[in-house]
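In: What shape does this take:
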Amino acid sequence: MKFGKSTAYILIFIIIFGITANIASCDIAGAGPDNGSNGKLKITATLFPQYDFAKHIAGDKAEVTLLLPPGVESHSFDPKPGDILNIYNSDLFLYTGPEMEPWAETIIKGIANLADPDNITVVDCSKGIELLHDEYEHDHEYEHGADPHIWLDPTLAVKITENILAALVEKDSANSDFYTRNAEEYKNKLLQLDEDISGVIKAAKHDTVVFGGRFAYIYFLRRFKLNYITAYDSCSTAAEPSAVKIAYVIDFIKENNIPYLYHEELADPKVAKSIAEAANIDYLQFSTAHNVTKKEFDGGITFLDIMYANLENLKKGLN
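Out: Below you'll find the model as predicted:
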């Protein structure tokens, strides 16, 4: 049985009310920080980038949990009661913002019903970042009017890192020097990534990237001043490109001798594959880093690993 989004959010609210009422009335163990975590902070992050940033900054001072199960596409994620309870048992809850996780707003409102709501610090990782709305570029239509994939611009990933650092220092000031040192080291790696990408693009033969998968790359493209052609107009899982749009992309590839086109991760690249076959080229993955496969997660893949893999694939398409 499928529910509309409004109905789904109502159900989430009912579940949250039940969970928070139980926590508030019974004051169950684990509802506050430092319960069963060996004195370490408990951090829950909705998506892989925040999860990985927090792990690098907090080191062995925290237990960091990724809410989104490995291999699950972020846009179709629906938090279960256990997921909500994990959030309420955390010291820090990291999420991208209301544009990316609209369901999180309902969960956050439920914190007020906990026995000690001040135990949880909610971190909007997009704080202080200007979100790009559809009037900026092309006609992309996001559910809430803005593209939330801010981490694909390494300089904005630095800002996310700073937002997480500020929350950690406020929550655990005794280890502020440790967190600050780790954050500075990680920010330097992000800035090196930014420099490495810039170097590849400056030396490239082409300055246009063609996408045959759902579109979520505007921050990356704007940061590095790349032109683009896309079959999809958004990252929506409900969106499908028109035959006219697909034909336009195929013609553009042929007329401009584009060697590769790109698609997102954790999705069947059927449109990219059909375009590539029609244009007689190949297609490559350009990960948005929302999430990773279970094999990648178990293997310890990092955000930087993903972005450097993207860079290697980008080299092929620009040369």
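
In: Strands along the stretch 201-319 of the chain, start to end?
Out: Secondary structure of the stretch 201-319 of the chain (DSSP state E, counting those that start in this stretch): strands at 208-211, 227-230, 260-263, 282-285.

In: okay, the ones you listed, which one's buried deepest?
Out: Per-stretch averages of neighbours, counted by mean count of other Cβ atoms under 10 Å, single out strand 260-263 among the strands of the stretch 201-319 of the chain, with a mean of 25. All C-beta spots, glycine's among them, are computed from the backbone N, C-alpha and C.

In: Which strands or helices does it pack on?
Out: Helices and strands touching strand 260-263, as assessed by 3 or more Cβ pairs under 8 Å, 6 or more residues apart in numbering; DSSP states H and E, comprise strand 208-211, helix 270-279, strand 282-285, helix 303-318.

In: distance between the third one and the chain's centre?
Out: Same thing as strand 282-285. Averaging C-alpha positions (Cα atoms, centre = their mean, to the nearest Å) puts strand 282-285 21 Å from its chain's average.

In: could you give the angle of the longest helix along the chain to helix 303-318?
Out: In the chain, with assignment by DSSP state H, the single longest helix is helix 176-202. Compare the direction of helix 176-202 with that of helix 303-318 by axes from the mean of the first three to the mean of the last three Cα atoms, to 10 degrees and you get 10 degrees.

In: looking at the strands of the stretch 201-319 of the chain, which is closest to residue 171?
Out: Residue 171 sits nearest to strand 282-285 of all the strands of the stretch 201-319 of the chain, at 36.3 Å, using Cβ to Cβ.

In: quick one: contacts of that closest one?
Out: With Cβ atoms under 8 Å, 6 or more residues apart in numbering as the test, strand 282-285 has contacts from 212, 259-265, 269, 272-273, 275-276, 310, 313, 316-317.

In: mind running it again at 6 Å?
Out: 260, 261, 262, 263, 265, 272, 276, 313 (Cβ atoms under 6 Å, 6 or more residues apart in numbering).

In: Relative to residue 59, which of those residues is nearest.
Out: Minimum distance to residue 59 across those is 27.2 Å, recorded for residue 265 (Cβ to Cβ).

In: Not counting its neighbours along the chain, what's nearest the closest one?
Out: residue 287 (4.3 Å; Cβ to Cβ, 6 or more residues apart in numbering).

In: Now do the contacts for that neighbour.
Out: By Cβ under 6 Å, 6+ apart, the neighbours of residue 287 are 265, 306, 310.

In: Distance of it relative to residue 306?
Out: Distance of residue 287 to residue 306, given as Cβ to Cβ, to the nearest Å: 5 Å.

In: Same question for residue 90.
Out: For residue 90 relative to residue 306 (Cβ to Cβ), the value is 25 Å.

In: do residue 84 as well
Out: In terms of Cβ to Cβ, residue 84 sits 28 Å off from residue 306.

In: same deal with residue 192?
Out: 15 Å.

In: more crowded one of these two?
Out: residue 306 (21 against 12; other Cβ atoms under 10 Å).

In: and that one, what pLDDT?
Out: pLDDT recorded at residue 306 is 98.

In: Isn't it up against residue 289?
Out: Yes - with contact defined as Cβ atoms under 6 Å, residue 306 and residue 289 form a contacting pair (4.8 Å).

In: Please identify which helix or strand holds residue 108.
Out: Per DSSP states H and E: residue 108 is located in helix 102-110.

In: With just CA atoms, put that helix into CSV.
Out: Extracted as CSV, the C-alpha positions of helix 102-110 are listed here (Å, rounded to 0.1, in the frame of the first residue of the first chain):
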residue,chain,number,x,y,z
PRO,A,102,11.5,17.5,4.7
TRP,A,103,10.6,14.5,7.0
ALA,A,104,13.3,15.6,9.5
GLU,A,105,11.4,18.8,10.4
THR,A,106,8.6,16.7,11.9
ILE,A,107,11.1,14.6,13.9
ILE,A,108,12.8,17.8,15.1
LYS,A,109,9.5,19.2,16.4
GLY,A,110,9.1,16.0,18.4
